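Engineer: Predicted coordinates and the sequence they were generated for:
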Amino acid sequence: MAVFGLLAAALGVVGLVAPDALLTTMGFEPLPAGSRADGDHTLVFLTASSMAALNMGVYYVLAALADWKPFFRWTVPFRLLTCAVFTLAVLTGRAPAGFLGVGLWEGMGALVTGAALRYENRVRKGAVA
């Protein structure tokens with residue numbers, strides 16, 4: 001959880017400081033400065049999502065420091081939902097293929113978190129030696 005939180009916060013900062021770098025990382029081609037059409041709010045949405053990622057990253061780190069297991073459990077289904085939505089965005093042509101990595105990151109994170117929680121629960125109950 002802490003690693004995911006640190007990565008989310010770091011990518012949020014990148015999006016706030018160097019939005020074109022974040023766009024490139026996600027498979028989008030950034031536009032040259034001054035070439036956006038009037039009414040193109042891409043950078044506004046990127047700023048909002050980057051700030052959300054920074055906040056979310058901090059929440060994850062704080063939850064990890066507090067060892068807040070209910071929070072960890074809550075993230076699993078919602079990260080799987082995020083995986084599904086982002087994957088569908090690529091499959092339906094709403095996002096470039098490079099964006100699939102974001103969905104897979106969420107899906108793998110959810111599966112690893114769920115498996116770790118299940119393992120810890122089994123150890124706590126004495127089912128695993």
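Structural biologist: Received it, and whenever you're ready, just let me know what you need.
Engineer: Which residues are in contact with Gly103?
Structural biologist: Thr82, Cys83, Ala84, Val85, Phe86, Thr87, Ala89, Val90 (CB atoms under 8 Å, 6 or more residues apart in numbering). Using the backbone N, CA and C atoms, a C-beta is placed for each residue, glycine as well.
Engineer: possible to save the residues you listed as a markdown table with pLDDT, secondary structure and distance to Leu31?
Structural biologist: Shown next, in a markdown table, are the contacts of Gly103 (pLDDT from 0 to 100; DSSP: H, G, I helix; E, B strand; the rest coil; distance: CB to CB, whole Å):
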| residue | pLDDT | secondary structure | distance to Leu31 |
| --- | --- | --- | --- |
| Thr82 | 95 | helix | 26 |
| Cys83 | 96 | helix | 28 |
| Ala84 | 97 | helix | 29 |
| Val85 | 97 | helix | 25 |
| Phe86 | 94 | helix | 22 |
| Thr87 | 96 | helix | 26 |
| Ala89 | 95 | helix | 20 |
| Val90 | 94 | helix | 21 |
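Engineer: just curious, which of the residues you listed is nearest to Leu6?
Structural biologist: Thr82 (18.3 Å; CB to CB).
Engineer: How many residues are close by the closest one?
Structural biologist: Around Thr82 there are 18 other residues, counting by other CB atoms under 10 Å.
Engineer: Identify the residues contacting it.
Structural biologist: By CB under 8 Å, 6+ apart, the neighbours of Thr82 are Gly103, Glu106.
Engineer: what does stretch 9-25 contact?
Structural biologist: 29-30, 43, 46-47, 49-58, 61.
Engineer: again, only this time at 6 Å
Structural biologist: Pro30, Leu43, Leu46, Ser50, Ala53, Leu54, Gly57, Val58 (CB atoms under 6 Å, 6 or more residues apart in numbering).
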